[in-house]
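Undergrad: turn this into a structure:
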Amino acid sequence: MLTRLQVSGFKNLVDVDVRFGPFTCIAGANGTGKSNLFDAIQFLGRLASDTFVDAAASIRAEEDKASSVQSLFHRIGSEYADSITFSAEMIVPDKGVDDLGQEAKATFTFLRYSLELAYRVDGELPFSGSFELIQESLEHIKLGEASRHLRFQHSAKDWRNSVVKGRRAAPFISTVEHEGQRVVRLHQDGGSSGRPQSFSASNLPRTVLSTANATESPTALLARREMQSWRLLQLEPSSLRRPDDFMTPPGMRPDGSHLPATLYSLAHSHNQIDSDGQDTWIYEQIALRLSELIDDVYEVTVDRDEKRQLLTLQVQDKNDTTHPARSLSDGTLRFLALAVLALDPSAQGVICLEEPENGIHPGRIAAMLELLQDIAVDVTRPVATDNPLRQVIVNTHSPAVVHQVPPESLLIAETEQAIRNDKRFQKAVFKWLPNTWRSVADPNEKAVMKGRLLYYLNPIPDNGSQLSLQIENSGMY
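TA: As a prediction, the model looks like this:
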């Protein structure tokens, strides 16, 4: 769970400091930096697995091209920022496994990860470049300070005590100067009793965190696993409609592929079996949820075709007509995918989603928002199989969404003018409504009135065409 993110030098994110709760909706006009914040989260998550160059290539750029390394740096005119800095406060799982299947147990679960990267020109390839690691650290946040860092309303006894655990004095990763060179050290969880591994920072092609394993650095490994679970859902209709073969492993991908295999696995791993030996409870829950979006829903199932060995998602209406996934609307498929995600206890971490209102009738946006909030962890109860540590962050420019999001969950994205080195530029800022938990956490920052936000977001459809298109695309098929 990502509870706070500080970013500077990444695209138009300069001196950005954002606190997150279990569910966060970021609202703002196009071009304010909403998507750049998602890119920063995705990039940081990728760095837990990939090399610097591969992580940069995974981030979108203009015209859907892969980003170059330099394009990620903040730019004023033709001048780029010297470095990109990140600081992320997060709650990590208390146990997991490494790449070799070895079990890891965290000695502390509330951590702060910091990273600074500079741009380095590749001497052999003058038109390209890479990153140079300047600083990397992983430290714990003291138990006694947890309440000061977790300012959103929650149950300290039931929820916080179930996720914030452990004791620690020494850092897990640190950067020091040694004989005139920067050295990154990966410390053992035993603290001073174990000799740390040292790496020359100038030659590193990836973060030290991305190399952590369960044997020597289990807490760093679990921080890595947490960051690897930060994903941007980009649910593609073609992927959602595609059937799966019998051998497809469960687990829905960020583009929505493997939805039938995931739902089928969930249904057949549940404990409530009907008289025919079939587990119907999961299917019933999905159908009940879908009926909040569409009235004409009787049943949701996965058809098992033994001849072709295919699994196909299908919806049956109240007239006993079966509609396979290929005939369902984009909005219905997106809603179904999120409904399945809500019931999948293995789907954990940070889930980012852009414009969840797309393809949804304006009158049903409340159902979509309720579903998204149900996906997020319930911070009034302990974390368990039926309440996984899961977080949802969405962005929108829809006034209809802004009207219906709880004020405590709303962030407002704007741009404001700043000056650096005698040059003016526009940077992203993220603000909140007055009298919410963020205004208590940062009382010196000026809050934004909701009416001002709606002034910027309120669209003027051309002869009602935009609303008509929404209604046309909001049916089941």
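Undergrad: when you work out contacts or count neighbours from here on, use the C-alpha atoms and nothing else.
TA: Noted.
Undergrad: relative to Leu288, how far out is Val405?
TA: 22 Å (Cα to Cα, to the nearest Å).
Undergrad: and what of Phe152?
TA: Computed as Cα to Cα, the Phe152 to Leu288 distance reads 30 Å.
Undergrad: before we move on, what about Asp305?
TA: Asp305 sits 25 Å away from Leu288, going by Cα to Cα.
Undergrad: who has more neighbours, the two?
TA: Leu288 (18 against 12; other Cα atoms under 10 Å).
Undergrad: in what helix or strand does the more buried one lie?
TA: Using DSSP states H and E, Leu288 sits in helix 281-290.
Undergrad: what residues sit buried inside that helix?
TA: For helix 281-290, the neighbour count (16 or more other Cα atoms under 10 Å) marks 281-290 as buried.
Undergrad: Serialize those to JSON lines and add fields for distance to Ile173 and pLDDT.
TA: JSON lines is the format used below for the buried residues of helix 281-290 (distance: Cα to Cα, whole Å; pLDDT from 0 to 100):
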{"residue": "Trp281", "distance to Ile173": "46", "pLDDT": "90"}
{"residue": "Ile282", "distance to Ile173": "43", "pLDDT": "93"}
{"residue": "Tyr283", "distance to Ile173": "45", "pLDDT": "94"}
{"residue": "Glu284", "distance to Ile173": "47", "pLDDT": "94"}
{"residue": "Gln285", "distance to Ile173": "44", "pLDDT": "95"}
{"residue": "Ile286", "distance to Ile173": "43", "pLDDT": "96"}
{"residue": "Ala287", "distance to Ile173": "47", "pLDDT": "96"}
{"residue": "Leu288", "distance to Ile173": "47", "pLDDT": "96"}
{"residue": "Arg289", "distance to Ile173": "44", "pLDDT": "96"}
{"residue": "Leu290", "distance to Ile173": "46", "pLDDT": "96"}
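Undergrad: identify the residues contacting Asp244.
TA: 258, 260-261, 310-312 (Cα atoms under 8 Å, 6 or more residues apart in numbering).
Undergrad: tell me the one of those residues nearest Glu370?
TA: Within those, the smallest distance to Glu370 is 23.1 Å, found for Pro260 (Cα to Cα).
Undergrad: which non-adjacent residue is nearest the closest one?
TA: Nearest residue to Pro260 in three dimensions, chain neighbours excluded: Leu313, at 5.3 Å (Cα to Cα, 6 or more residues apart in numbering).
Undergrad: could you do His140 as well?
TA: That would be Leu111: by Cα to Cα, 6+ apart, it lies 4.3 Å from His140.
Undergrad: now do Arg206
TA: Arg206 sits nearest to Thr51 (Cα to Cα, 6+ apart), 4.5 Å away.
Undergrad: wait, that neighbour sits on Leu204?
TA: No - contact criterion Cα atoms under 8 Å: Thr51 and Leu204 do not qualify, at 9.1 Å.
Undergrad: more neighbours, these two?
TA: Neighbours per residue (other Cα under 10 Å) separate Thr51 from Leu204, with Thr51 holding more: 18 against 15.
Undergrad: that one and Pro205, how far apart?
TA: Counting by Cα to Cα, the gap from Thr51 to Pro205 is 6 Å.
Undergrad: which residues of this protein fall in helices?
TA: For the chain, the helices defined by DSSP state H occupy 34-46, 52-57, 146-149, 161-163, 218-228, 237-241, 259-269, 281-290, 330-343, 365-375, 399-404, 437-441, 450-457, 465-472.
Undergrad: can you tell me which of those is nearest to Cys25?
TA: Among the helices of the chain, helix 399-404 sits nearest to Cys25 (Cα to Cα), with 8.3 Å.
Undergrad: average model confidence for the closest one?
TA: In this model, helix 399-404 has a mean pLDDT of 92.
Undergrad: next: stretch 92-112.
TA: For stretch 92-112, the mean pLDDT works out to 95.
Undergrad: Phe425 reaches Glu79, doesn't it?
TA: No - using Cα under 8 Å, Phe425 is not in contact with Glu79; the gap is 11.6 Å.
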